[in-house]
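Participant: Quick one: sequence plus predicted model below, questions after.
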Amino acid sequence: MLAGKHVLLIIGGGIAAYKALDLIRRLRERDCMVTPVLTDGGAEFVTPLSVSSLAGGKVYRDLFDLTDEAEMGHISLSRASDLIVVAPATADLMAKMAAGLAGDLATTLLLATDTPVLIAPAMNVRMWTHAATQRNLITLRDDGVMCVGPNEGDMACGEYGPGRLAEPLEIVAAIENVLRDGLLKGRHVVVTSGPTHEPIDPVRYIANRSSGAQGTAIAAALVGLGAEVTFVTGPAEVPPPAGVKVVAVETALEMQTAVREALPADAAVFAAAVADWHVTSASDSKLKKQVGKLPTLQLSENPDILAEVAQMQSGRPALVVGFAAETDDVIANATAKRARKGCDWILANDVSPDTGIMGGTENAVTLIREEGADTWPRMSKDLVARKFAQMLAEALAK
Ligand code: CTP
């Protein structure tokens, strides 16, 4: 599946650079075109000649190499491939990428590109576990950079732990994963996410603790599989993912309108934590405190957007998925919710405060379908999203 694809391979300066040679060989065996870029550090470990012989072409070294600029400027070089792979990605390269530095050819290409980037880190275990490297990793992930490895094992420096470069075949598998023609290509999915804010007056509102993290991760995973995603988001803490059409809303009523306007769709995923009520007539001016007198807030029910879409008589998306945030009897409540709302699937989770799920990075979900409940092990919200997106893609393909 890599035949005809084009990878720009940046080889960082680490002892694991020798494995980059094997990686080139594995990619070439699969008829994948490889354009190598060798950093100065990388050149301390492997020679330009061996890299270019294996790649079957020129090895790029220097930002100021005028011949290269005449042949292909660094901007075009950064965008000519389907994927940029950094292997090994050293602690130094990761730090430079996270900081947006562009002092040499490799970092300039990484800053100038709009091509997906996959890094395969390799470094001493203490460097990998250092707070700075972990911080940089989070920044890079937030920037959309994908990561394979590092693996755990004996290190060249004599220590043991995480920091070994992923094996070349593991990197090839990760590349294949990224470059696979998306299972959801040509499919439109609407995703709602985040909380809603229901105004009381111009300065106060009713809200909830949803950060939008799970909805955002799901939208990103769907985009990763090639879907066209309309992302209808309330005022979430996390920014929307790259590659989606963002429709920002504040209230449940605005979210309902945005979802109606986003349809038709092949699937709709309702990850938003929509407020159940709004203040019937929010005040146009700030409510003033009156000593000894409490204001009365008259509430009206918000429309149930999920139920409305799930029960559409015509033009209903083929797959409608709801969420159930429960604190008790998760499976029983979520199963009842699925029937009540008329959706196909419910992703249920326990949001009791001691789980740390609401606003946290992990999730423990149970997927409720017609055939029953399937409880997944606790995992990162990203992993939940990827597993879910894959299942959604397979369901639509049936
Ligand atoms: N939902 C929606 N519109 C609403 C309320 C909820 O689209 N007005 C969707 C949510 O996005 C979620 C699902 O419905 O996918 C479940 O929401 P939840 O708030 O857990 O359920 P409720 O219907 O409010 O039931 P309960 O209050 O019993 O938890």
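Facilitator: Right, received. Where do you want to start?

Participant: residue contacts, residue 230?
Facilitator: Residue 230 makes contact with 188, 189, 190, 191, 244, 245, 247, 262, 265 under the criterion CB atoms under 8 Å, 6 or more residues apart in numbering. Heads up, the C-betas are built off the backbone N, CA and C, glycines and all.

Participant: what secondary structure does it sit in?
Facilitator: Following DSSP: H, G, I helix; E, B strand; the rest coil, the label given to residue 230 is strand.

Participant: quick one: it and the ligand, what's the gap?
Facilitator: Counting by CB to the nearest ligand atom, to the nearest Å, the separation of residue 230 from the ligand is 15 Å.

Participant: Can you check the pLDDT for that residue?
Facilitator: If you check residue 230, the pLDDT there is 96.

Participant: count of residues packed around the nearest residue to it once chain neighbours are set aside?
Facilitator: Leaving aside its sequence neighbours, residue 230 sits nearest to residue 262 (CB to CB, 6 or more residues apart in numbering; 4.1 Å). When counting by other CB atoms under 10 Å, one arrives at 20 neighbours for residue 262.

Participant: was I right about residue 262 contacting residue 247?
Facilitator: Yes - using CB atoms under 8 Å, residue 262 makes contact with residue 247 at a distance of 6.8 Å.

Participant: Helices of the stretch 151-300 of the chain, residue ranges please.
Facilitator: Assigned by DSSP state H, counting those that start in this stretch, the helices in the stretch 151-300 of the chain fall at 168-179, 213-224, 252-262.

Participant: for the last one, packing partners?
Facilitator: When contacts are defined as 3 or more CB pairs under 8 Å, 6 or more residues apart in numbering; DSSP states H and E, helix 252-262 packs onto strand 188-193, strand 228-233, strand 245-248, helix 305-310.

Participant: and among those, the most buried is which?
Facilitator: Most buried of the helices and strands packed on helix 252-262, by mean neighbour count (mean count of other CB atoms under 10 Å): strand 188-193, with a mean of 28.

Participant: that older thread, ok, of the helices and strands packed on helix 252-262, where does mean pLDDT dip lowest?
Facilitator: Of all the helices and strands packed on helix 252-262, the minimum mean pLDDT falls on strand 245-248 (a mean of 92).

Participant: could you dump that strand to PDB, C-alpha only?
Facilitator: Taking C-alpha atoms only, strand 245-248 is exported to PDB below (Å, rounded to 0.1, in the frame of the first residue of the first chain):
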ATOM      1  CA  LYS A 245     -15.200  22.600   9.700                       C
ATOM      2  CA  VAL A 246     -15.800  24.400  13.000                       C
ATOM      3  CA  VAL A 247     -19.200  25.800  13.900                       C
ATOM      4  CA  ALA A 248     -18.800  27.500  17.200                       C
END
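
Participant: Tell me which other helices or strands it touches.
Facilitator: Judged by 3+ CB pairs under 8 Å, 6+ apart, strand 245-248 is in contact with strand 228-233, helix 252-262.

Participant: Distance from the chain centre to the first one, please.
Facilitator: This means strand 228-233. Chain-centre distance of strand 228-233: 14 Å, with CA atoms, centre = their mean, to the nearest Å.

Participant: can you check stretch 40-47 too?
Facilitator: Counting by CA atoms, centre = their mean, stretch 40-47 is centred 33 Å from the centre of its parent chain.

Participant: remind me which residues of the stretch 1-150 of the chain are low pLDDT?
Facilitator: Residue ranges of the stretch 1-150 of the chain with pLDDT under 70: 65-72.

Participant: Just want the residue of it that's nearest the ligand.
Facilitator: At 24.4 Å from the ligand, residue 142 is the closest residue in the stretch 1-150 of the chain, using CB to the nearest ligand atom.

Participant: circling back: tell me the one among the contacts of residue 230 nearest to residue 359.
Facilitator: Relative to residue 359, the closest of the contacts of residue 230 is residue 191; by CB to CB it sits at 19.0 Å.
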